[in-house]
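> Provided below for reference: sequence and predicted model.
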Amino acid sequence: MPRLFCCAWATSLLLAIALPANANPVLALSAAQQEMVDGMLKLDGHTEYQNVAFGFGVMPGVTTAYQGNGTDDGVLIPLGDDREITVNAGYDAAMLGSTKALMDSELSEVDPGGVQRQPFVLDSQPAEQAQWADGQFVRRVIVEYRSTGPDDGVNYTLRLRTDAAHQQADGQAFDAVVKSFKHYQIEND
């Protein structure tokens, strides 16, 4: 337990550094975000979210975050307007079988000419990152197909949707959430 406390403290420190000092901790949700969070649990963003069914944890790093329900396992972190960070997990229902195939699926409706893809490491595990412009929004996605041990077949997807005016600050908040991501052993019922 002391190790988790130390990690949570260090992650909180990283998040405090990454979030702008003038950031408004109480954000008004857009109509689309309000519809998304209907039925979700409101979380204290300074407490680690842990999902034992999918074996991961993350520190939202804001005053308010929203926990998914049975149809959406993860967290939604509103950043204001229609900007947001989401962290989701699921089993490989589409039988993709790899991180590359997971990213290909994620980008299936995106013009490949405008996408920057590169290898990434998510909590010491191989992953892939992509970034592209989508109308007024800039999007970043990190995906990982968990392919080791008894937890084989879990997909993790971390997304940032921001705009040009907030790209730097929102990118720093996203980077802090990504750095806080931890794999845990999946607990089966």
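Thanks, I have it. Quantities reported herein were computed from a predicted structural model and do not represent experimental measurements. Numbers count the residues shown, from 1 in each chain.

> all contacts plus neighbour counts: C-alpha atoms, from now on.
Will do.

> quick one: the strands in this protein?
41-44, 49-51, 56-58, 64-67, 74-80, 83-91, 116-122, 125-134, 137-146, 154-163, 182-183 (DSSP state E).

> which stretches of this structure aren't confidently modelled?
For the chain, the stretches with pLDDT under 70 are 1-28, 36, 63, 69-72, 93-94, 148-151, 188-189.

> Mind doing that once more with 50?
Within the chain, the ranges that satisfy pLDDT under 50 run 1-26, 71.

> show me the residues around the residue nearest to residue 78 when sequence neighbours are not counted that make contact.
Nearest residue to residue 78, sequence neighbours excluded (Cα to Cα, 6 or more residues apart in numbering): residue 84, at 4.5 Å. Residue 84 makes contacts with 76-78, 159-162, as judged by Cα atoms under 8 Å, 6 or more residues apart in numbering.

> Could I have the buried ones of the residues you listed as PyMOL selection syntax?
In PyMOL, a selection of the buried entries from the contacts of residue 84 looks like this (16 or more other Cα atoms under 10 Å):
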select buried, resi 76+77+78+159+160+161+162
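
> can I get the contacts of residue 84 in TSV with distance to residue 180?
Converted to TSV, the contacts of residue 84 look like this (distance: Cα to Cα, whole Å):
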residue	distance to residue 180
76	15
77	14
78	17
159	14
160	15
161	18
162	20
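
> looking at the strands of the chain, which is buried most?
Stretch with highest mean neighbour count among these: strand 74-80 (a mean of 25; mean count of other Cα atoms under 10 Å).

> what does it contact?
By Cα under 8 Å, 6+ apart, strand 74-80 touches 27-30, 33, 37, 49, 51, 60, 62, 64-68, 84-89, 170.

> hey, what's the residue nearest to residue 78 bridged with?
Per DSSP bridges, the residues bridged to residue 84 are residue 78, residue 161.

> Same question for residue 125.
Here residue 125, judged by DSSP bridges, has bridge partners residue 122.

> For the residue nearest to residue 114 when sequence neighbours are not counted, which residues are in contact?
Among residues not flanking residue 114 along the chain, residue 132 sits closest, at 5.8 Å (Cα to Cα, 6+ apart). Contacts of residue 132 were listed using Cα under 8 Å, 6+ apart, and they are 114-116, 138-140.

> how near is residue 132 to residue 99?
18 Å (Cα to Cα, to the nearest Å).

> Please apply the same query to residue 127.
Residue 127 is 6 Å from residue 99, by Cα to Cα.

> related to what we said a few turns ago, now tabulate the strands of the chain in TSV and tack on distance to residue 104.
Shown next, in TSV, are these (distance: least, Cα to Cα, whole Å):
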stretch	distance to residue 104
strand 41-44	31
strand 49-51	25
strand 56-58	23
strand 64-67	27
strand 74-80	21
strand 83-91	16
strand 116-122	10
strand 125-134	10
strand 137-146	10
strand 154-163	13
strand 182-183	23
